[in-house]
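Peer 1: Got a sequence here, can you model it:
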Amino acid sequence: MEIPPKSPDGSEKSPQSKELVTSNTASTLCISSRSESVWTSASRSKWDIYHKPVIVMSVGAAVFLFGMVITSLSCIQIKNKNVYKMCGPAFLSLGLMLLVCGLVWIPIIRKKQKQRQKSQFLQSLKSFFFNR
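Peer 2: Model (predicted):
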């Protein structure tokens, strides 16, 4: 039978009990959750809500315009014409994809905001009636 080694501070805790004592799984799960807490009702600005899709749309528009420039260079430029013909449509499609993803993301966020408002209203209504 194997005897677990003693810790330097002289405590005789098993490795499992040390792991349980130092584990903060519950607080880690609460902090790392992606959704906002229902208990916090701090209002957020429009920029805080929509900054990610706006950035994605801006990058997509920039890449799309860059693709248009490269594609037009393939019509004008004689030197390296094959490179422009390959890279131009790639940038066009990548930019268009990012632009559309950002445009679709905005209604999704709006729908989630409406659902969150309904949920908060229903929870406050439920707590009003059941906590009497």
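
Peer 1: hey, which helix or strand in this protein has the poorest pLDDT?
Peer 2: helix 25-32 (a mean of 49; mean pLDDT, DSSP states H and E).

Peer 1: And the helix or strand just after that helix, what's buried?
Peer 2: Downstream of helix 25-32, the next assigned helix or strand under DSSP states H and E is helix 46-76. Neighbour-count burial for helix 46-76, counted by 16 or more other C-beta atoms under 10 Å, picks out 50, 53, 56-57, 60, 63-64, 66-67, 70-71, 73-74. Where you see a C-beta, it was placed from the backbone N, CA and C, and this is true even at glycine.

Peer 1: Please identify which pair of those lies farthest apart.
Peer 2: Tyr50 and Ser74 (35.8 Å; C-beta to C-beta).

Peer 1: and the closest residue to Met57 other than its chain neighbours, what pLDDT?
Peer 2: The shortest distance from Met57 to any non-neighbouring residue, by C-beta to C-beta, 6 or more residues apart in numbering, is to Gly102 (3.3 Å). If you check Gly102, the pLDDT there is 95.

Peer 1: what's near enough to touch Gly102?
Peer 2: Gly102 is in contact with Pro53, Val54, Ile55, Val56, Met57, Ser58, Gly60, counting by C-beta atoms under 8 Å, 6 or more residues apart in numbering.
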